[in-house]
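# what follows is a predicted protein model with its sequence.
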Amino acid sequence: MSKLNSFDRVAPYYDVLAHVAFVGNIKRSQLAFLEVIEPGASILIIGGGTGWIVKEIFKREPNVMITYVEGSTQMIEITKRHLTLTELNRVHFIHTIEVPMIENVDVMITNFLLDLFSEKTLPDYIIRLKQNIKPQTLWLVSDFVNEGKRWQHFLLWAMNFFFLLMGSMTLNKLPDWSHHLERAGFTVMKEKRYFSGFIKTTVYRPST
């Protein structure tokens with residue numbers, strides 16, 4: 001997992017680079033299933049990045065309450081600049097790389113977070129994330145998937161090289177996060193693929 005503030009230097013360029021490199025599919029993947037968020041929901045976002053997704057959620061459901069967890073102070077500051085005063089009053093910001101304990105979470109969102117872990121460390125992290133899950137909680141995940149294609153390996157290498165130059169953490173070899181989530185007791189409700197299958201968005205719920 002990344003160190004605190006390791007994404008500060010890349011924060012001003014992150015959205016533009018992601019949009020160019022993936023031809024808008026990063027954003028499209030994260031917007032895919034926001035309709036599952038109900039009015040007044042309590043939302044936990046871990047690894048929120050620049051926070052544009054927060055603005056999109058408020059456009060759809062202005063009365064939700066959001067806990068936004070991010071390890072970069074620059075990402076948090078950029079997020080705050082996106083929001084109105086009314087929206088800011090509905091967001092609780094937590095600057096940490098740890099998993100906080102939040103009660104009564106209706107929707108948890110972890111976009112492009114699980115790829116920061118290895119096959120060895122991801123199961124333990126999922127266990128920590130599960131502490132925020134109740135029987136009706138929905139878990140929205142958008143992330144890269146490893147299909148073994150050469151162009152995907154090249155793109156990962158290019159991203160790693162850029163993050164290394166910027167002093168940020170690099171991506172691990174992509175873990176099979178879908179497998180780990182299903183082993184941890186989560187069932188797929190909805191799923192979509194983007195960018196020739198390199199990006200997958202899934203809505204999970206706890207298995208009964």
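That came through, no problem.

# for the nearest residue to G197 once chain neighbours are set aside, give its distance to G51.
Excluding its sequence neighbours, the residue lying closest to G197 (CB to CB, 6 or more residues apart in numbering) is E147, at 5.7 Å. Where you see a C-beta, it was placed from the backbone N, CA and C, and this is true even at glycine. E147 is 30 Å from G51, where distance means CB to CB, to the nearest Å.

# between the two, which one's more packed in?
G51 (25 against 13; other CB atoms under 10 Å).

# got phi/psi on the spatially most central residue of the chain?
Nearest to the geometric centre of the chain sits N111, at 1.7 Å (CA atoms, centre = their mean). Reported as degrees, to the nearest 10, the phi and psi values for N111 are phi -100, psi 120.

# that one reaches D143, doesn't it?
Yes: N111 is within contact range of D143, at 7.1 Å (criterion: CB atoms under 8 Å).

# distance from the chain centre to the lengthiest helix in the chain, please.
Longest helix of the chain, by residue count under DSSP state H: helix 150-165. Centroid separation between helix 150-165 and its chain, computed with CA atoms, centre = their mean, to the nearest Å, is 19 Å.

# could you give me the buried positions within that helix?
152, 155-156, 159, 163 (16 or more other CB atoms under 10 Å).

# from these, which is closest to K200?
Comparing the buried residues of helix 150-165 against K200 with CB to CB places Q152 closest, at 12.4 Å.

# quick check: closest non-adjacent residue to that closest one.
Nearest non-adjacent residue to Q152, counting by CB to CB, 6+ apart: F198, 5.4 Å away.

# pass me the low-pLDDT residue ranges in this protein, would you?
1-2, 163-172, 208 (pLDDT under 70).

# residue boundaries of the helices in this protein?
Under DSSP H, the chain gives helices at 14-21, 25-31, 52-60, 73-82, 85-88, 122-129, 150-165, 177-183.

# out of the ones you listed, flag the one nearest V105.
Nearest of these to V105, taken as CB to CB: helix 122-129 at 10.2 Å.

# quick revisit: export the helices of the chain to TSV and tack on distance to V107?
Formatted as TSV, the helices of the chain follow (distance: least, CB to CB, whole Å):
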stretch	distance to V107
helix 14-21	22
helix 25-31	13
helix 52-60	9
helix 73-82	18
helix 85-88	17
helix 122-129	13
helix 150-165	28
helix 177-183	15
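
# and the residue nearest to Q152, what is it in contact with?
The contact partners of F198, by CB atoms under 8 Å, 6 or more residues apart in numbering, come to 144-145, 147, 149, 152, 155.

# just L122 next, same as before
Per CB under 8 Å, 6+ apart, neighbours of L122: 114, 175, 177, 180.

# not counting sequence-adjacent ones, nearest residue to the first one?
Spatial nearest neighbour of L114, excluding adjacent residues (CB to CB, 6+ apart): W177 at 4.2 Å.
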